[in-house]
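Colleague: Sharing a model that was predicted from the sequence below.
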Amino acid sequence: MAENLFVYGTLKRDHQHKEGRFLSSNSNFLGAGKIKGHLFNMGHYPGLTIPENADSWVFGEVYELQHANKIFNVIDEYEGDEFVRVQKPVFVDGQQLNCWVYLFIGNTSGLSRRTDGAY
């Protein structure tokens, strides 16, 4: 069974980050995706939370991973202790896919929320 990953920040293709290039070269791009949640501006990167009352969309990209363990070893280290990887439903082209996504687990008080859902 294929493993899918939803990314919404510096790992997206347009950011040209080293780990993003690694992800792109070891996966298949499935398309634009969206998930219900709140996106916070953390300075040089965003953080996604999914509270029960999430009332807005966060937009990103979905990848089908070719070698999930290899990719997660790199991306887990890159994301660090501020994020946890969990599986959540993501919408891609009107269809719901189960995807891994990195959620911010730190304190969001004092952070500005991006109401457009994009980074």
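Modeller: Great, that's in hand. Computed from a prediction, not measured in an experiment: that's the story for all the values here.

Colleague: Only C-alpha atoms from now on, for both contacts and neighbour counts.
Modeller: Noted.

Colleague: And the strands in this protein, which stretches?
Modeller: 3-7, 27-36, 38-41, 46-49, 57-65, 83-92, 95-104, 112-114 (DSSP state E).

Colleague: From residue 27, how far off is the nearest residue to residue 13 once chain neighbours are set aside?
Modeller: The shortest distance from residue 13 to any non-neighbouring residue, by C-alpha to C-alpha, 6 or more residues apart in numbering, is to residue 20 (6.4 Å). Per C-alpha to C-alpha, to the nearest Å, residue 20 is found 11 Å from residue 27.

Colleague: Kindly state the beta-bridge partners for residue 6.
Modeller: For residue 6, the beta-bridge partners under DSSP bridges are residue 62, residue 101.

Colleague: State the distance from it to residue 111.
Modeller: Per C-alpha to C-alpha, residue 6 is found 22 Å from residue 111.

Colleague: who has more neighbours, those two?
Modeller: The neighbour count for residue 6 versus residue 111, taken as other C-alpha atoms under 10 Å, is higher for residue 6 (31 against 13).

Colleague: Which strands or helices does the helix ranked longest in the chain pack on?
Modeller: Ordering each helix of the chain by length in residues (DSSP state H) puts helix 68-79 first. Helix 68-79 sits against helix 18-25, with contacts defined as 3 or more C-alpha pairs under 8 Å, 6 or more residues apart in numbering; DSSP states H and E.
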